[in-house]
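> Predicted structure and sequence below. I'll ask about it afterward.
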Amino acid sequence: MKKIFYGEQKDQYGELRIPEGEGPHPVAVVIHGGFWREPFTLELMTDAAEDLTAHGYATWNIEYRRVGQDDGAWPNTLLDVGRAHDYVKNLAQDYNLDIDKTITIGHSAGGHLAMWLAGRHKIPATSELYCENPHPVAGAISLAGVVDPETMYTVHHFRDASMGSEPNNPVADLLKGKPEEVRERLQAASPLELLPIEVPHVLIHGSLDIHVPIGISSRYQRHAEELAEFVKFVELTEAEHFMLTDTKTEAWEAVLEEVDLLLKSI
């Protein structure tokens with residue numbers, strides 16, 4: 001494993017792992033979750049990255065500035081992820097990578113970011129998140145991802161109101177505002193809003209997930225299919241949220257199978 005900085009800030013780095021063999025190796029850009037918040041780091045995806053590498057994929061497990069940091073949240077969290085993804089082209093100068101087979105795979109909030117990268121080419125030039133020539137995503141995989149941030153906002157808002165608790169809404173924290181107040185930000189940051197993206201992608205979600213409701217993925221799938229998108233929805237009936245990145249579980253075996261199928265299709 002090599003720690004490599006893609007920028008000058010302390011959290012603008014990734015961990016590159018190269019599998020055995022000469023290559024060229026397909027690349028998986030691995031993105032951790034934690035509702036985009038500062039306490040959660042790329043260590044959440046270390047085991048997953050190591051296992052993907054053991055199965056023949058070069059992995060680029062990325063860190064980024066997060067909510068709770070002075071320079072985190074909108075727009076820098078998303079800009080960092082975009083910059084880290086584009087840095088794959090720089091990595092290919094020193095490592096034998098098949099960058100035409102760059103996929104993104106993320107868990108929870110990282111699933112949002114993995115899908116957002118796949119749709120980033122649809123962001124209008126008027127947005128702070130616009131990138132003129134982003135590195136193309138050949139395929140994307142969301143593991144219990146927040147692929148529909150507006151619905152996730154609504155879920156948290158309802159929970160807070162019904163329980164009489166203080167507002168604790170990760171989506172509003174990321175966008176620095178409620179979706180109805182920052183509509184342009186939502187449209188640029190939401191994978192669902194960026195459809196159709198014309199990139200093959202897979203949504204994997206556990207039926208027992210109490211952190212990101214499976215309905216978020218199923219709603220996204222319905223909308224994507226209405227637009228004739230290349231989308232596959234895999235429901236794991238005996239999996240909860242964190243099983244999808246636990247390399248000792250049957251859920252992770254299902255994830256590996258979908259990664260392999262996706263790469264064979266592109």
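Noted; the coordinates are in hand. Residues are numbered from 1 along each chain as shown.
> Only C-alpha atoms from now on, for both contacts and neighbour counts.
Noted.
> Listing request: residues of the chain with sub-threshold pLDDT.
The model of the chain has pLDDT under 70 over residues 160.
> any idea which residue sits dead centre in this protein?
Most central in the chain under CA atoms, centre = their mean is residue 114, positioned 2.5 Å from the mean C-alpha point.
> List the contacts of that one.
By CA atoms under 8 Å, 6 or more residues apart in numbering, the contact list for residue 114 reads 30, 31, 104, 105, 106, 140, 141, 142.
> what about it, is that helix, strand or coil?
Here residue 114 is recorded as helix under DSSP: H, G, I helix; E, B strand; the rest coil.
> same deal with residue 135?
Residue 135 ends up coil, using three-state DSSP.
> Just give me the neighbour total for it.
21 (other CA atoms under 10 Å).
> Which residue, other than its chain neighbours, is closest to it?
residue 86 (5.1 Å; CA to CA, 6 or more residues apart in numbering).
> my guess is that neighbour meets residue 133, correct?
No. Taking CA atoms under 8 Å as the definition, residue 86 is not a contact partner of residue 133, at 9.2 Å.
> So for these two, which residue has more residues nearby?
Using other CA under 10 Å, the more surrounded residue of residue 86 and residue 133 is residue 86, with 18 against 9.
> quick one: the more buried one from residue 185, how far?
According to CA to CA, to the nearest Å, residue 86 and residue 185 sit 21 Å apart.
> wait, what's in contact with the closest residue to residue 118 other than its chain neighbours?
Using CA to CA, 6+ apart and skipping the chain neighbours, the partner closest in space to residue 118 is residue 137 (5.3 Å). Applying CA under 8 Å, 6+ apart, we find residue 137 in contact with 101, 102, 103, 104, 117, 118, 199.
> Identify the farthest-apart pair in these.
101 and 117 (14.3 Å; CA to CA).
> Helices along the stretch 101-250 of the chain, start to end?
109-119, 149-163, 170-175, 183-189, 191-194, 214-226, 250-265 (DSSP state H, counting those that start in this stretch).
> Could you dump those helices into CSV and include distance to residue 244?
Listed next are the helices of the stretch 101-250 of the chain as CSV, based on distance: least, CA to CA, whole Å:
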stretch, distance to residue 244
helix 109-119, 11
helix 149-163, 19
helix 170-175, 21
helix 183-189, 24
helix 191-194, 20
helix 214-226, 13
helix 250-265, 5
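> any chance of the contacts of residue 114 in JSON lines, plus distance to residue 57 and neighbour count?
As requested, the contacts of residue 114 are exported to JSON lines (distance: CA to CA, whole Å; neighbours: other CA atoms under 10 Å):
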{"residue": "30", "distance to residue 57": "11", "neighbour count": "30"}
{"residue": "31", "distance to residue 57": "15", "neighbour count": "30"}
{"residue": "104", "distance to residue 57": "12", "neighbour count": "29"}
{"residue": "105", "distance to residue 57": "12", "neighbour count": "28"}
{"residue": "106", "distance to residue 57": "15", "neighbour count": "27"}
{"residue": "140", "distance to residue 57": "14", "neighbour count": "29"}
{"residue": "141", "distance to residue 57": "14", "neighbour count": "29"}
{"residue": "142", "distance to residue 57": "17", "neighbour count": "28"}
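> just curious, which of those residues is nearest to residue 205?
Once CA to CA is applied, the member of the contacts of residue 114 that ends up nearest residue 205 is residue 142, at 8.1 Å.
> Surely residue 87 and residue 6 touch.
Yes. Contact status for residue 87 versus residue 6: in contact at 6.3 Å, counting by CA under 8 Å.
> Overlap in contacts, the two.
With CA under 8 Å, 6+ apart, residue 87 and residue 6 have no common neighbours.
> if you go through the stretch 1-150 of the chain in chain order, where are the strands?
2-5, 13-17, 25-31, 58-62, 97-107, 139-143 (DSSP state E, counting those that start in this stretch).
> right, and these - which one's nearest residue 235?
Closest among the strands of the stretch 1-150 of the chain, using CA to CA: strand 139-143, at 10.5 Å.
> now the angle from the closest one to helix 109-119?
160 degrees (axes from the mean of the first three to the mean of the last three CA atoms, to 10 degrees).
> Partner strands of strand 139-143, with direction?
strand 97-107 (parallel), strand 201-206 (parallel) (DSSP bridges).
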